[in-house]
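[1] below is the sequence, then the predicted model.
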Amino acid sequence: MQIQYIFELAGTAFFAISGALAANQKSQPDWFGVTFIGFITAIGGGSIRDMLLGSYPLVWIGDVRFLYAIFAGVLLASLFYNQLQKLRKTLFIFDTFGIALFTIIGTEKALLLGVNPLIAAIMGMFSAIMGGVIRDVLTNETPVLFHKEIYATACLAGAFCYLLLHYFDCDRTVSFLLSGLAILLIRIIAVKFNVSLPKFRKEGTD
Amino acid sequence: MQIQYIFELAGTAFFAISGALAANQKSQPDWFGVTFIGFITAIGGGSIRDMLLGSYPLVWIGDVRFLYAIFAGVLLASLFYNQLQKLRKTLFIFDTFGIALFTIIGTEKALLLGVNPLIAAIMGMFSAIMGGVIRDVLTNETPVLFHKEIYATACLAGAFCYLLLHYFDCDRTVSFLLSGLAILLIRIIAVKFNVSLPKFRKEGTD
Amino acid sequence: MQIQYIFELAGTAFFAISGALAANQKSQPDWFGVTFIGFITAIGGGSIRDMLLGSYPLVWIGDVRFLYAIFAGVLLASLFYNQLQKLRKTLFIFDTFGIALFTIIGTEKALLLGVNPLIAAIMGMFSAIMGGVIRDVLTNETPVLFHKEIYATACLAGAFCYLLLHYFDCDRTVSFLLSGLAILLIRIIAVKFNVSLPKFRKEGTD
């Protein structure tokens, strides 16, 4: 539990870094704007999940350390801006690590609250992607989940993997690691080989 | 009650179809994107209503059959894509049927939760239109309710009709049918005769 | 308390006026659209705050007079449209007055609900700015808080001022007035002298 808590704080800081870096590329907002976007990216997914589930208090409202993690993330993004931008390819793996972590934590939390496993998987995915979706909506961009690379689908797949292992009473830590690994692998393969889901409908087909 | 439940599931499936068809026209998202948009369109309005009212669990979180209805809707939209696109004019009537249904269900639910009738009417309207609003925000379009044809206003009028009948202790089924019919008629007349509400202020008027 | 309640209603009406005027400039929506935007601008911030805190019922759902205040605001915006547009510069001070009021009310409410002071300050700021943010998202504009003038930051500063005075057991009315005044002054100075926060990162810097 202690380790999961530290991971959760680290994941929050990482989401804030990734939000701050994304924020700065286009519209060059000021310090407040960047911190706000980092904040939304980091807490948006978990907040949507908990508000949908009616699970109060929200994690970051009940525990102020998540705010400190976000401020630390934005500060790091400022101090090491150039290095981090150069590391984008490496960062993508960290980003995926954060997404994997949040998906499994979210799925587990929803399960503990007693919802249907299918709903729990959706809640896990929401925890991971909704922060980025709100960020994109606020900055007037098309949300990341409509881009072609497999992204939210990887989260869903990992959540189902966790549910399956959970169903067979697999050890919690093992389930956690295996299903997180599944998300990492799917995402890395998708980006590396430029895999995308089939289109719903081709334009001009009859 | 049993009949209302079946209608509610059918209405959810229909909203998912309409969301999936709308999603596909512009940005050609993949299967995940289309399902996501169908899902948001179907559950968005009811979720906003319940989160505003603090009524937990949300309908689709407490009853997984609403998810199945959404998946069925998206699948139908894919299988009969061309036929459905050709049927757009007929579909408009189904769409209006769904909006009417959700408005009255939402108004009734809010009333049962003890809010002021005026608030209940707004909640009814939100149930019907907010799914489409969130869909439009996510896909970067101007929300449907700012377009000229009478749309949300028809929902509000139907909700007030329901409140009036409810106030005079009219039979529930009769109130339900009459106020739903009111929404259908207002909307059909508005589209057929291209009726719109007056502008708030004409450009260039002094 | 009585005076605060009247101020809160007046602030709500004022936000509705400012929303209705903003709504009308670009897309010329109809009466429904303008009322909807005025409504969202007025209740958005407080609703977000209360939904994040899980504090039910939302203010405007538990007390229908807030709706009446909004309708009155939209009506006033229509009746005195030209005069109000000419008064824009003066209006800016009223707008800032509304923001100051909502910030302090929001901060105080969050504190009473027992959250960490830092979270309470964020909730105060959210009360003031989130209505405008939702309005901007719905009308497809870049949210006001990413524009250059100091805006949300002034709210945060005022909230911290209130927290400080509260911490030193200062009289509630005095704390209220002083911290509201702080927001007003910061905002007026920022607009008058075109002060903005430093950019997070200059373009092209290495």
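    That came through fine.
[2] for the most centrally placed residue in chain A, which residues are in contact?
    In chain A, the residue lying closest to the centroid (C-alpha atoms, centre = their mean) is A:Ala128, at 2.7 Å. Contact partners of A:Ala128, counting by C-beta atoms under 8 Å, 6 or more residues apart in numbering or on different chains, are A:45, A:98-100, A:102-103, A:106, A:152, A:155. (C-beta placed from N, C-alpha, C; glycine too.)
[3] low-confidence stretches in chain A?
    Within chain A, the segments meeting pLDDT under 70 span A:1, A:24-27, A:88-91, A:147-149, A:202-206.
[4] tell me which parts of it are close to chain B?
    Selection of chain A residues close to chain B by C-beta under 8 Å from any C-beta of the partner chain yields A:51-54, A:115-116, A:118-119, A:122, A:133, A:137, A:140-143, A:145-146, A:148, A:152-153, A:156, A:196-203, A:206.
[5] swap in 6 Å and give it another go.
    Residues of chain A found near chain B (C-beta under 6 Å from any C-beta of the partner chain) are A:54, A:115-116, A:118-119, A:137, A:142-143, A:146, A:153, A:197, A:199-201.
[6] returning to what we had before: in which helix or strand would I find the residue nearest to the centre of chain A?
    helix A:117-138 (DSSP states H and E).
[7] leaving out sequence neighbours, find the closest residue to the residue of chain A found nearest chain C.
    Closest contact between chain A and chain C, by C-beta to the nearest C-beta, is at A:Tyr56 (3.4 Å). The shortest distance from A:Tyr56 to any non-neighbouring residue, by C-beta to C-beta, 6 or more residues apart in numbering or on different chains, is to C:Gly54 (3.4 Å).
[8] A:Leu21: how many residues sit nearby?
    25 (other C-beta atoms under 10 Å in any protein chain shown).
[9] one more: A:Asp136?
    Neighbours around A:Asp136, by other C-beta under 10 Å: 20.
[10] OK, contacts around it?
    A:143-144 (C-beta atoms under 6 Å, 6 or more residues apart in numbering or on different chains).
[11] for it, give its distance to C:Leu111.
    Plainly put, A:Asp136 is 33 Å away from C:Leu111 if you go by C-beta to C-beta, to the nearest Å.
[12] equivalent analysis for A:Glu108, please.
    The gap separating A:Glu108 from C:Leu111 is 32 Å, by C-beta to C-beta.
[13] can you pick out the residue with more neighbours from these two?
    Neighbours were counted for A:Glu108 and for C:Leu111 using other C-beta under 10 Å; A:Glu108 has more, 23 against 20.
[14] leaving aside the residues next to it on the chain, what's closest to the more buried one?
    The spatially closest residue to A:Glu108, leaving aside those adjacent along the chain, is A:Tyr162, at 7.3 Å (C-beta to C-beta, 6+ apart).
[15] so where does that neighbour fall, helix or strand?
    With DSSP H and E as the test, A:Tyr162 turns up in helix A:152-167.
[16] now the helices for chain A?
    Assigned by DSSP state H, the helices in chain A fall at A:2-26, A:31-53, A:59-62, A:65-79, A:81-86, A:88-112, A:117-138, A:152-167, A:172-192.
[17] I figured the residue nearest to A:Glu108 hits A:Thr103, correct?
    No. A:Tyr162 sits out of contact with A:Thr103 when judged by C-beta atoms under 6 Å, with a separation of 8.1 Å.
[18] okay, these two: which has more neighbours?
    A direct count of neighbours by other C-beta under 10 Å for A:Tyr162 and A:Thr103 places A:Thr103 higher, at 32 against 28.
[19] from chain B, how far out is the more buried one?
    Distance, A:Thr103 to chain B, by C-beta to the nearest C-beta, to the nearest Å: 14 Å.
[20] picking that back up, tell me which of the helices of chain A lies nearest to C:Ile37.
    With C-beta to C-beta, the closest approach to C:Ile37 among the helices of chain A belongs to helix A:117-138: 17.1 Å.
[21] quick one: the closest one to helix B:117-138, angle?
    Counting by axes from the mean of the first three to the mean of the last three C-alpha atoms, to 10 degrees, helix A:117-138 lies at 80 degrees to helix B:117-138.
[22] got the buried residues for helix A:117-138?
    The neighbour-count check on helix A:117-138 (16 or more other C-beta atoms under 10 Å in any protein chain shown) flags A:117, A:119-138 as buried.
[23] sorry, back to before: and the helix holding A:Ala128, how far out from the chain's middle?
    Relative to the centre of its chain, helix A:117-138 is centred 7 Å away, using C-alpha atoms, centre = their mean, to the nearest Å.
[24] and what of stretch A:190-203?
    21 Å.
[25] alpha carbons of that stretch, in CSV - could you do that?
    The C-alpha atoms that make up stretch A:190-203 are tabulated as CSV, following Å, rounded to 0.1, in the frame of the first residue of the first chain:
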residue,chain,number,x,y,z
ALA,A,190,1.3,0.4,-31.4
VAL,A,191,3.6,3.4,-31.6
LYS,A,192,6.6,1.4,-32.9
PHE,A,193,4.7,-0.3,-35.7
ASN,A,194,2.2,2.5,-36.2
VAL,A,195,-0.7,0.2,-35.5
SER,A,196,-4.2,1.7,-35.4
LEU,A,197,-7.7,0.3,-34.9
PRO,A,198,-9.7,-0.1,-38.0
LYS,A,199,-11.8,2.8,-39.1
PHE,A,200,-15.4,2.6,-38.2
ARG,A,201,-16.4,3.4,-41.8
LYS,A,202,-14.3,4.3,-44.8
GLU,A,203,-15.1,7.5,-46.5
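[26] what's next to stretch A:151-159, contact-wise?
    Stretch A:151-159 is contacted from outside by A:103, A:107, A:121, A:124-125, A:128-129, A:145, A:179, A:182-183, A:186-187, B:32, using C-beta under 6 Å, 6+ apart.
[27] show me what from chain A comes close to chain C.
    Counting by C-beta under 6 Å from any C-beta, the residues of chain A that sit close to chain C are A:24, A:28-34, A:56, A:61, A:64, A:81, A:137-138, A:140.
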